[in-house]
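Novice: please work out how this folds:
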Amino acid sequence: MIHEPRGAEPRGTGRIAHEPLTSARVSSCEPSPTLEEVRTEAGIPQPLPIEPRRVLFFGKQKSRSCCTGGLVDALRANGLTVSWVNCSRLRRWIGKWGMYQAVRLVKHLYKPDLCFVFFHDLPPLLMEELAPEIPTVVWMEEQTRCLESSHVEYVRNTRLLCLSTPSLVQAYRQKGIQQSTFLMSGYSPKYHKPYPNPQGTFDRDIAFIGGPGHMGNRPEFLARVSTWSDLTIFGLRDSWLPHMRRFKNLHLAGEARPKHYARICARSKIVLGLNQSNDSRLYFSNRFFLTLACRGFHVVRYVPGMEEVFENHRHLVWFKTEEECRELCEYYLERDGERDRIAQQGYELVREQHQYRHRIGDILEILAGKKALWEPPVLQGPVIPRGKSPRLVEEVDEPLPLYPRLGSGN
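Specialist: Got it, this is the predicted structure:
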């Protein structure tokens, strides 16, 4: 499906400036490298800084998370015109070769000065054609345990690779993808915003929104939580059905579409958060931001480095063990006022600093040579061993704020 370009909106409205964590360079007070400096050190031909105006965006619809629609809106909010191409839908309508020709025609007529690809939603053949000709950004906010050689080659000619898993930045650079950087996921207020609940009425104590995951032990953990709480799961029935047969006490209420997501957050006393893997430093699934954006009271499994982005018991609440999870849930279930205060402060934080338009603003500054690439911490051991996250060793003693937290004095 091809979305026609719309008029641009004013660029950079309400954006808060922030600097990324730079690990060893922070402790040594050395500046982080720009994209051009990294490419020069690696012997890669240095491109000129660019300030694009016309973007050809490739991505599926993503009807549940609306992340692709949120990124398109963010590009427009930063003053760019965007033509959105859904290659998957085109292929269903006119076949593979028809889709190829349609994309080539759109490129010829639209004359973009930037391609923006969500993960691998542009077929490899077209990526090989377009990336050497047009500066290309690939946005990858999926959590992954290992590098696929096919994807390394897929992004080799891109101008910038944006990863939401910090350990992957170092891993991709070790594979020759020097133009990689770390940017967290985000949200768009067009799709996710608070749902009014002035009476403060609740349908349940605890909600979990998401699937069982292909890593970790979400179903087992949630089954144990269900033994001592009123827990309701919102997710795809087909993915949860095998686990519901195994754990009879799991209760599934259906899928959480965007129009229902905010209502679930508003009518649940607690929204429980569990990454598929909780040992990948500074990786947060988009549900972190969606839940806070919908003003949900979020109790989440701790992720290393979380204190650099959020403040515990101020923006959300984290736990490190199942016992601590129970203690915190039982404590806050009885304290409506405290839950409301924390949910409001978490909402204000993501509204001011973690929208997709903030991420796109960072990308545009990197492309223009005005902002440095994120410098990854030092990795110890293999790059990405299968079935295990790489161990990260920081060269600083105290946690450093990745983004200045509201009201934290930073």
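Novice: from now on I want contacts and neighbour counts done on CA atoms only, so please keep to that.
Specialist: OK.
Novice: can you show me the strands along the stretch 201-350 of the chain?
Specialist: 204-209, 231-234, 268-273, 298-301, 317-319 (DSSP state E, counting those that start in this stretch).
Novice: most packed of those?
Specialist: Burial of these is given as mean neighbour count (mean count of other CA atoms under 10 Å); strand 268-273 ranks first at a mean of 25.
Novice: who touches that strand?
Specialist: Contact with strand 268-273 is made by 202-209, 265, 287-288, 291, 296-301, 329, 333, 339, as judged by CA atoms under 8 Å, 6 or more residues apart in numbering.
Novice: could you pull out the buried residues of stretch 124-137?
Specialist: For stretch 124-137, the neighbour count (16 or more other CA atoms under 10 Å) marks M127, E128, L130, A131, I134, P135, T136, V137 as buried.
Novice: next one: it to chain centre, how far?
Specialist: Put simply, stretch 124-137 sits 23 Å off its chain's centre (CA atoms, centre = their mean, to the nearest Å).
Novice: and for stretch 296-308?
Specialist: Distance, centroid of stretch 296-308 to centroid of chain: 14 Å (CA atoms, centre = their mean).
Novice: now stretch 67-86
Specialist: Here stretch 67-86 is found 16 Å from its chain centre; the criterion is CA atoms, centre = their mean.
Novice: likewise for stretch 327-336?
Specialist: Offset of stretch 327-336 from its chain centre (CA atoms, centre = their mean): 28 Å.
Novice: L126 and C87, how far apart?
Specialist: Plainly put, L126 is 10 Å away from C87 if you go by CA to CA, to the nearest Å.
Novice: nope, F116 is what I was after
Specialist: 13 Å.
Novice: mutual contacts of those two, please.
Specialist: Residues touching both F116 and C87 (CA under 8 Å, 6+ apart) are F58.
Novice: where does pLDDT dip in the stretch 301-410 of the chain?
Specialist: Within the stretch 301-410 of the chain, the stretches with pLDDT under 70 are 376-410.
Novice: all helices for it, in order.
Specialist: Here the stretch 301-410 of the chain has its helices, by DSSP state H, counting those that start in this stretch, at 322-333, 336-353, 356-367.
Novice: identify the bridge partners of F319.
Specialist: Under DSSP bridges, the beta-bridge partners of F319 are R301.
Novice: contacts for whichever helix in the chain runs longest?
Specialist: Using DSSP state H, we find that the single longest helix of the chain is helix 87-110. Outside helix 87-110, the residues that touch it by CA under 8 Å, 6+ apart are M1, L56, F58, G59, K60, S83, V85, D121, L122, P123, L126.
Novice: what comes up buried for that helix?
Specialist: In terms of neighbour count (16+ other CA under 10 Å), helix 87-110 has its buried residues at C87, S88, R89, L90, R91, M99, Y100, A102, V103, K107, Y110.
Novice: what's the following helix or strand after it?
Specialist: Counting by DSSP states H and E, the next helix or strand C-terminal to helix 87-110 is strand 114-118.
Novice: tell me the strands beside that following strand, with direction?
Specialist: Applying DSSP bridges, strand 114-118 is found paired with strand 54-58 (parallel), strand 136-140 (parallel).
Novice: show me how far it is from its chain's centre.
Specialist: When C-alpha coordinates are averaged (CA atoms, centre = their mean), strand 114-118 and its chain have centres 16 Å apart.
Novice: buried stuff in that strand?
Specialist: Buried, per 16+ other CA under 10 Å, within strand 114-118: L114, C115, F116, V117, F118.
Novice: pLDDT value on the third one, please?
Specialist: Meaning F116. pLDDT for F116: 99.
Novice: how does the chain divide into domains?
Specialist: Under automatic domain parsing, the residue ranges defining each domain of the chain are 2-186+356-393, 204-353.
Novice: among these, which is nearest P198?
Specialist: In terms of CA to CA, the element of the domains of the chain nearest to P198 is domain 204-353, at 9.8 Å.
Novice: end to end on the closest one, go ahead and measure it.
Specialist: Using CA to CA, one end of domain 204-353 lies 30 Å from the other.
Novice: before we move on, what about stretch 181-189?
Specialist: Between the opening and closing residues of stretch 181-189 there is a gap of 25 Å (CA to CA).
Novice: before we move on, what about stretch 152-163?
Specialist: With CA to CA as the measure, stretch 152-163 spans 13 Å from end to end.
Novice: list the contacts of it.
Specialist: 124, 127-128, 131-132, 135-141, 169, 172, 175-177, 179-184, 367.
Novice: and what of stretch 247-267?
Specialist: For stretch 247-267, the external contacting residues (CA under 8 Å, 6+ apart) are 63-66, 191-197, 200-204, 207, 209, 219-220, 222-223, 226-227, 231-237, 240, 244, 271, 291, 294-297.
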